[in-house]
Each structure stands twice: as structure tokens, then as C-alpha cells.
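**Student:** Quick one: sequence and predicted model below, then my questions.
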Amino acid sequence: MDGAKTKGELRLTISGLPKGEYTLKTYHHLMEEVSPKLSYKLLIDNGRSQSTISVVPSMGNRMGNSEPTSISHRIRSGESKSISIQIKSDDKDIPVILNGLEISEIKI
């Protein structure tokens, strides 16, 4: 994924994952500076459980050695084999950003 920016809400569904445990890592960075700082929620639903994570994206085009904000979360793919990801702002005019994501299987 190259990235997405939209106002209010972004939804993704990942399907076809074999049953197992995975690490989901998402990246969030906005090139322009905005005030007040943005924050939004990352909601993850695997059909059996839901998680909500607060996200404050990094901002600016001069990051130096800094890394963009990233969130890592352990997920489990079960019988439904689909994972729903929702990035949501309480304010419909606030942009939500997803620059990229990674899914890595956890070998047990």
C-alpha cells in the first residue's frame, strides 16, 4: 500500500489470512504541520475480539533521523479469516492518514 489520506474515516478489510497469529504494523505521517495536533482511533476487529488504539501521527517534512509514527498490534486470524481495520476521527473534517502497513506471521 502506498498510502491513503481522507477526512473522517478509512476502512480496510484484510481477507484470506490463514488461521494464526500476526503482527500488524501501521504507519501514520502527515507532511504538513497542523494545529492542534491530530489524533484519531485505530479500531481492529478480527471477528472474535476488538481493539482500539489511539494514534497521534508524526507531522512535518523535516524529520531528520526521526521515524514516522507506527503502531504495532498483535492480531489473530480465526474462522472468519478477515480482519477489519478502521481509522476514525471524531471530527469528520480531520484527516486520517495511513501511509503503509505490514503484516508478519508470528511463528509459534
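**Tutor:** The structure has been received and is ready for your questions.

**Student:** Give me the longest strand you can find in this structure.
**Tutor:** strand 20-30 (DSSP state E).

**Student:** so what strands line up beside that one?
**Tutor:** strand 58-59 (parallel), strand 69-77 (antiparallel), strand 100-105 (antiparallel) (DSSP bridges).

**Student:** Tell me which residues of the longest one come out buried.
**Tutor:** When neighbours are counted by 16 or more other C-beta atoms under 10 Å, the buried residues of strand 69-77 are found to be 69-70, 75, 77. (Each C-beta comes from the backbone N, C-alpha and C, glycine too.)

**Student:** Stretch 9-24 spans what distance, first to last residue?
**Tutor:** 19 Å (C-alpha to C-alpha, to the nearest Å).

**Student:** Same question for it: list its buried residues.
**Tutor:** Quick answer for stretch 9-24 (16+ other C-beta under 10 Å): 10, 14, 17, 22, 24.

**Student:** Give me the below-cutoff pLDDT ranges for this protein.
**Tutor:** Applying pLDDT under 70 to the chain flags residues 1-2, 63-65, 79-80.

**Student:** Next, the angle from the helix or strand hosting residue 13 to strand 100-105.
**Tutor:** Taking DSSP states H and E as the criterion, residue 13 maps to strand 9-15. Relative orientation of strand 9-15 versus strand 100-105 (axes from the mean of the first three to the mean of the last three C-alpha atoms, to 10 degrees): 30 degrees.

**Student:** what does strand 9-15 rub up against?
**Tutor:** 4, 81-89, 92, 96, 98, 101, 103 (C-beta atoms under 8 Å, 6 or more residues apart in numbering).

**Student:** residues touching the residue nearest the centre of the chain, list them.
**Tutor:** Nearest to the mean C-alpha position of the chain, by C-alpha atoms, centre = their mean, lies residue 26 at 4.3 Å. Neighbouring residues of residue 26 by C-beta under 8 Å, 6+ apart: 42, 55, 70-71, 85, 98, 100-101.

**Student:** Mark which of the residues you listed are buried, thanks.
**Tutor:** So, by 16+ other C-beta under 10 Å, the buried ones in the contacts of residue 26 are 42, 55, 70, 85, 98, 101.
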